[in-house]
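In: How does the following fold in three dimensions:
(one chain, ligands or ions: 1)
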Amino acid sequence: VVTDQMIENDAATTGDVLSWGVGTEGQRYSPLKKINPGSIGKLVPAWSFSFGGEKQRGQESQPVIHNGKMFVTGSYSRIFALDAKTGRKLWKYEHRLPDGIMPCCDVINRGAALYDNLVIFMTLDAQIVALNQDTGDVVWKEKIDNYAAGYSASAAPIIANGLVLTGVSGGEFGVVGRVEARNAKTGALVWSRPTVEGHMGYTYDKDGNPKENGISGTTNQTWPGDLWKTGGAATWLGGTYDKRTGLAYFGTGNPAPWNSHLRKGDNLFSCSTVAIDVKTGKIVWHYQSTPNDGWDFDGVNEFVTYDAGGGKILGGKADRNGFFYVLDAKTGKLENAFPFVKKITWATGIDLKTGRPNFVPENRPGDPTAGADGKKGQTVFSAPSFLGGKNQMPMAYSPDTKLFYVPANEWGMEIWNEPITYKKGAAYLGAGFTIKTINDDYIGAMRAVDPKTGKIVWEVKNNAPLWGGVLTTGGGLVFWGTPEGYLQAADAKTGKVVWKFQTGSGIVAPPVTWEEGGEQYVAVVSGWGGAVPLWGGDVAKKVNYLEQGGSVWVFKLMK
Ligand SMILES: O=C(O)c1cc(C(=O)O)c2c(n1)C(=O)C(=O)c1cc(C(=O)O)[nH]c1-2
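Out: Next up, the predicted model:
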């Protein structure tokens, strides 16, 4: 069975992968060395497994591995248990989805959590399901929220102190973002913490009775009128956890609606990192990267903690808004901030004293009420696009090179605002947009970023936008997938691509590695989809030749 101690040591132990993030800190670093720039020429497929079904698309799942079994989620809220050595299917669970689900950005799922003898994942109709690892039987199942009001779930849960921590999706429908903690063995709620200022948090007793646990923030003073009641700030990418701070770090999405003129103020805690004490369910600190967001710059990106020496634990975050932030993981104090993409139009930089962006006011989409008919505000060109300098694809950090490996994208958008009022279960944007390319030859760029200096040490450009996550290893490699279908590896120090393999569909998921029987394995899920083909405008047209799919690939060194 999987214990708290095993989860806390996940990053250091090489025989399994227990958490999304390859360790709840989210470094996606494995000490394994057998596969390295010298040996990787012999890396070949060991097996592949197809998710089957008629609807193959948007496979963003990170597999977890324990006790010789791989647990991997597929599109449409499916999960498979496979023999990790051979790929033989052990069992499959297909969640029954109602017709009315409203995921904004494809029918995706990013993975499962392991605890005790359970494998736990969330579903597109905003439920959380715990299955027996051996049989696939449902042990407990809970409703997180109402899918008909726009709630859904796409993230992988994480485990901290016996609690399963989850966020919600639905920022485009005016839901209220929150983080919830449940007893991982039973599914019983322990606390819930809203991420929109003004909402009450709760703890729950053994019988499920709620007890008030303080309003998030002070009051709703960073929102005008009643807008905080449908304020978005969805915690849709899930979180990370560092046992040294006892804090869980969740990023929060865009404030709702997109039209920022309707909600003058900072709109806390949208587009922020919130650090929550898992024992109390209270927000210990927050840092807002885009106050009064007007570009859909969800600040959900993973906050990855690392030992910076001298007793300092820092966290790095490559924000959708194009800036990379380094914060003290205990206090939230801003240590450094710099751009990790080349073109940023909405701000000239981040003031390191106040922590606030220096906005470029004329590059905010215009207020519709300023125009003659009040129907459409002035259109602006903005970079990054709303799909971000980085989106859902998680980066990696190597304690060897002390570099972050960031899957970045260079693109822009035309964006304008329109009037909008909230209607339950309807899209709540008040904006229109078209995504545009900036460069002909590339959109994606895998970048090695030095958090101390802000320098990009190397980059590998990619024609299509990068949408899969990253893995780095003690063998001195960086692995990532491309929409063009390649899983590839580069030397972590130089960026020289030393290996690639065509998986047959676009990769939008993060790779993992583990060892069994003295052999090192690498796995990645392949299956093009996610937000780009749905919302990518000119970029979606540019890459519409890419084929969808759904399979897991596993590699090992040829003997
Ligand atoms: O505000 C939200 O609740 C929400 C949820 C999700 C999601 O759950 O996948 C995405 C987004 N927003 C979003 O803005 C976005 O760009 C996005 C891309 C993807 C993806 O998986 O490709 N999901 C989401």
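In: got the residues of the stretch 401-550 of the chain near the ligand?
Out: By Cβ under 6 Å from any ligand atom, the residues of the stretch 401-550 of the chain that approach the ligand are 530-531. In this view, the C-beta of every residue, glycine as well, is placed from N, C-alpha and C.
In: which residues in the stretch 401-550 of the chain form helices?
Out: Along the stretch 401-550 of the chain, the stretches classed as helices by DSSP state H, counting those that start in this stretch are 531-535, 537-542.
In: how deep is the nearest residue to Gly412 once chain neighbours are set aside tucked in, by neighbour count?
Out: Closest residue to Gly412 apart from its sequence neighbours, by Cβ to Cβ, 6 or more residues apart in numbering: Ala383 at 3.8 Å. Neighbours of Ala383 under the rule other Cβ atoms under 10 Å: 20.
In: where's Ala383 relative to Arg320, distance?
Out: 12 Å (Cβ to Cβ, to the nearest Å).
In: do Ala337 as well
Out: The value you get for Ala337 to Arg320, if Cβ to Cβ is used, is 14 Å.
In: The two: which has the busier surroundings?
Out: The neighbour comparison of Ala337 against Arg320 (other Cβ under 10 Å) goes to Arg320, with 30 against 21.
In: Would you confirm that that one contacts Gln392?
Out: No - counting by Cβ atoms under 8 Å, Arg320 stays clear of Gln392, with 9.5 Å between them.
In: Tell me who's in contact with the residue lying closest to Arg244 once chain neighbours are set aside.
Out: Spatial nearest neighbour of Arg244, chain neighbours left out: Ile313 (5.7 Å); criterion: Cβ to Cβ, 6+ apart. Residues counted as contacts of Ile313 (Cβ atoms under 8 Å, 6 or more residues apart in numbering) are 242, 244-245, 305-307, 328-330.
In: beta partners for Ile313?
Out: Beta-bridge pairing of Ile313 under DSSP bridges involves Asp307.
In: What score does it have for pLDDT?
Out: Note for Ile313: predicted pLDDT of 98.
In: and if you look at Thr219?
Out: pLDDT, read off for Thr219, is 85.
In: Now do the same for it: helix, strand or coil?
Out: Secondary structure of Thr219, reduced to three states by DSSP: H, G, I helix; E, B strand; the rest coil: coil.
In: all strands of the stretch 101-250 of the chain, in order?
Out: In the stretch 101-250 of the chain, the strands defined using DSSP state E, counting those that start in this stretch lie at 113-115, 118-122, 127-132, 138-143, 158-160, 163-166, 178-183, 189-194, 200-204, 210-215, 239-242, 247-251.
In: Pull up the gap between the residue of the chain found nearest the ligand and Ala234, please.
Out: The nearest approach of the chain to the ligand comes at Gly171, 2.4 Å away (Cβ to the nearest ligand atom). To Ala234, Gly171 is 4 Å away according to Cβ to Cβ.
In: Please say which of those two ends up with more neighbours.
Out: Counted by other Cβ under 10 Å, Gly171 and Ala234 do not tie: Ala234 has more neighbours, with 35 against 30.
In: who are the neighbours in contact with the more buried one?
Out: By Cβ under 8 Å, 6+ apart, Ala234 lies in contact with 167-171, 175, 177, 252-254, 298, 300.
In: Within range of the ligand, give me the residues from the stretch 251-400 of the chain.
Out: Within the stretch 251-400 of the chain, the residues that sit near the ligand (Cβ under 6 Å from any ligand atom) are 253-254, 298, 387, 391-392.
In: which of those residues sit farthest apart?
Out: Spatial extent of these (Cβ to Cβ) is set by the pair Asn254 and Gln392 at 13.9 Å.
In: just for this structure, where's the confidence low?
Out: Within the chain, no stretch has pLDDT under 70.
In: let's see it at 90
Out: 54-55, 218-220, 371-372, 559 (pLDDT under 90).
In: tell me the residue furthest from the middle of it?
Out: Going by Cα atoms, centre = their mean, the residue of the chain most distant from its centre is Ala372, 40.6 Å out.
In: SS state for it?
Out: coil.
In: check contacts around Gln520.
Out: Gln520 is in contact with 32, 34-35, 513-514, 556-557, counting by Cβ under 8 Å, 6+ apart.
In: 7 Å instead, please
Out: By Cβ atoms under 7 Å, 6 or more residues apart in numbering, the residues touching Gln520 are 32, 34-35, 513, 556-557.
In: Keep only those of those residues that are in strands.
Out: Among the contacts of Gln520, the ones falling in strands (DSSP state E) are 513, 556-557.
In: between the contacts of Ala234, which is closest to Asp145?
Out: Val168 (6.2 Å).
In: picking up where we left off before, would you mind giving the contacts of Gln520 as JSON lines with distance to Val2 and neighbour count added?
Out: Shown next, in JSON lines, are those (distance: Cβ to Cβ, whole Å; neighbours: other Cβ atoms under 10 Å):
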{"residue": "Leu32", "distance to Val2": "20", "neighbour count": "18"}
{"residue": "Lys34", "distance to Val2": "25", "neighbour count": "18"}
{"residue": "Ile35", "distance to Val2": "25", "neighbour count": "28"}
{"residue": "Thr513", "distance to Val2": "19", "neighbour count": "29"}
{"residue": "Lys556", "distance to Val2": "24", "neighbour count": "22"}
{"residue": "Leu557", "distance to Val2": "28", "neighbour count": "17"}
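In: now those residues as JSON lines including distance to Leu546?
Out: Rendered in JSON lines, the data for these read as follows (distance: Cβ to Cβ, whole Å):
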{"residue": "Leu32", "distance to Leu546": "31"}
{"residue": "Lys34", "distance to Leu546": "32"}
{"residue": "Ile35", "distance to Leu546": "28"}
{"residue": "Thr513", "distance to Leu546": "26"}
{"residue": "Lys556", "distance to Leu546": "27"}
{"residue": "Leu557", "distance to Leu546": "30"}
